[in-house]
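**Q** missing the sequence, but the structure's below:
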């Protein structure tokens, strides 16, 4: 599929239109300076500037056709460091990717360090996971780094509360996230206007900004619906180009996760993209779409690919399983990806057991193909008002076959 | 480039024609049932059924266009095991590769095990490098395994002598290799005729053979020219479809290696392909072509790719080197491969230091592109009688630039 260029793009580098609805589910078009993204969309995760094991040509191929991938502020800041990326002219040029990027703010990654970090009003002090060096990240620093990275979408710097956080803990965390959201927005606006004023030329000591970015705010509040509502309302007051649901898939039970999504997604601004961070399985994606979510990212297809798990239309398949030793069938008989068209389970199992890189490469490719194709089918179903039927059949099929293989 | 189909292929599945000469250098056409191979040719090594880190689509792409790759009897026999490959219908179908294959006999790999193997007249007893199990390989067993693998070219089961072997040691080893060569040829002929008689259908307890294979004999004799001559003469007496120079690049000094090649290659049957096993660097390849060699395999481009070394037209480049941290240039400014067209040294260094799989993938791709492109240029130079000029310029350029980066 060719990337269409929107005529308004030059003056309005980021806009979002809903083109179809089916119940709470929405199909939309996100226009960015670097191409059109149809939603609901799954964004492969490229933490350190690479979607692990995947060449960029493959991500661009018709087989996958990923329109937007993620980069991570925390990881890229520590390595290779922001000066290296600045020298290349931003993350797109550094990695050689001309399509859209979204950068996470580093808030979640720093929070994940647990005992290795100390959170204060100003920001978060932490030890680098690479060399133990003492580092400090704040809303302002995160915005500066993200301006250098130059993704089409940047994220506010937030703090995450654990899934089982009490009302009190969750409120304290939410209030901090709101103050950081305001600081993120202010620092972001200042950077954008500096860039605009100088036509994209870097200031002395300031990052280069090739064009205006979009900034998303993040709704927190753990599993407390009243806090989620308040967080949403006050985040929208600050004002962002899109809104994310953070702090899910962090240890809470799955029904609770869907309660939060069902409560909060339909209350989010209808004309802005809704992004559910770090979620999830193929069924999670479809269920979240049914509740009004537009954007997703998750390491599941890439990480599980590296550990020998294929995600298929009939459930999970653990390629290590002895039952596949002589199995001439593709990973997924319903899949048309390059891997399923060419290679047998027997060969993929051999590659995996032999510790061959190609096992990770091919399983990751198939998993991404399955996720991206599922989202294509989701969009098509919404556009043709067949989403409820699609959702039912998809879920039934997923639990029909290979469930016994779950790792 | 499209693979041409030779009209004689059905009846004559393997033939070789010299189409140009320039000094001792020869350009030829090797017709196989699975496509045309222009020589001199470099064969990427796919030991365990995969050229490490490379997808088969990439090997087939115009960027690389590898016409033949190697598989290894020893490795594939131990894992996944011959029953697995038989169940798939041979190695081509097992791995999903429709172009030509050459399988090594396992002789060299078993010899390389050192203290773990015991050589007798009958064959070699050894411990598996995977699980320590006691195994036994002989000319007859190697031929049976290679018949199941079904490569276009199989190799005789040989014994290798160390580079510094005395005359006595080298003679003993050469005599054994000659007896094994005869047994290899006899077992091979029996298997081929069985296959032919049954139209390719597998016998009870016998391997399936899709079509007649070619068998190459291997010339040994360490660094002793008289033994090399005798080995060649007596191997040719037994009669093979092609002849290989074995036992080089096993610890002997490089000038000695070239003395052996210079002595033996021009004496090899002029109408049969000449294959120099396990050699070498790009300059080695060009120098061996100048002495009349047609075929090469080596793990150098793949193995060095995984350890961060790029082979370029101006010498070796160690991507770990700090000098490349901000270097926006491609690995090789003279290279037109996908990696050099898309990615900077700075990014490749970042990937390597981050332990990202993509570093190995991209460096391997570039290295293979450089080897395969060099051979394309070699063939063109021979056909236009410009090989001497090409050789001089290639060698001069190689030593011009990045030599200080050698690892």
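**A** Perfect, thanks for sending it. Quick caveat, the model's predicted, so the values are computed rather than measured.

**Q** Can you tell me the SS state at residue A:118?
**A** strand (DSSP: H, G, I helix; E, B strand; the rest coil).

**Q** Neighbours of the residue nearest to residue A:41 when sequence neighbours are not counted, how many?
**A** Among residues not flanking residue A:41 along the chain, residue A:295 sits closest, at 5.5 Å (C-beta to C-beta, 6 or more residues apart in numbering or on different chains). To be clear about C-beta, it is placed using only N, CA and C from the backbone, and glycine gets the same treatment. Counted with other C-beta atoms under 10 Å in any protein chain shown, residues neighbouring residue A:295 total 24.

**Q** What are the boundaries of the strands in the stretch 51-200 of chain A?
**A** A:68-72, A:100-104, A:117-119, A:124-127, A:134-137, A:153-155 (DSSP state E, counting those that start in this stretch).

**Q** Reformat these into CSV and put mean pLDDT next to each item.
**A** Converted to CSV, the strands of the stretch 51-200 of chain A look like this (pLDDT from 0 to 100):
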stretch, mean pLDDT
strand A:68-72, 98
strand A:100-104, 98
strand A:117-119, 92
strand A:124-127, 94
strand A:134-137, 95
strand A:153-155, 98
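
**Q** Compare those and give me the one nearest chain B.
**A** strand A:68-72 (11.7 Å; C-beta to the nearest C-beta).

**Q** Helix or strand with the lowest mean pLDDT in chain A?
**A** Ranked by mean pLDDT, DSSP states H and E, the helix or strand of chain A with the weakest confidence is helix A:107-112, at a mean of 90.

**Q** For it, which outside residues touch it?
**A** Outside helix A:107-112, the residues within contact range by C-beta atoms under 8 Å, 6 or more residues apart in numbering or on different chains are A:72-75, A:117, A:119, A:124, A:126, A:137, A:142, A:155-160, A:180, A:218, A:246, A:277-278.

**Q** So for it, what gets flagged as buried?
**A** Neighbour counts over helix A:107-112 (16 or more other C-beta atoms under 10 Å in any protein chain shown) mark A:107, A:108, A:109, A:110, A:111 as buried.

**Q** ok, those residues vs residue B:301, which is closest?
**A** residue A:109 (36.3 Å; C-beta to C-beta).

**Q** Start and end of stretch A:245-265, how far apart?
**A** This stretch, stretch A:245-265, spans 8 Å end to end (C-alpha to C-alpha, to the nearest Å).

**Q** That one - what's its average pLDDT?
**A** Averaged over stretch A:245-265, pLDDT sits at 94.

**Q** in it, what's buried?
**A** In stretch A:245-265, the ones that count as buried by 16+ other C-beta under 10 Å are A:245-250, A:252, A:257-258, A:260-265.

**Q** Strands - which of these land there?
**A** Judged by DSSP state E, the subset of those located in strands is residue A:245.

**Q** how about the residues of the stretch 251-400 of chain A near chain B?
**A** Contact residues, the stretch 251-400 of chain A versus chain B (C-beta under 8 Å from any C-beta of the partner chain): A:325-326, A:328, A:338, A:342-344, A:346-347, A:349-351, A:353-354, A:356-358, A:360-362.
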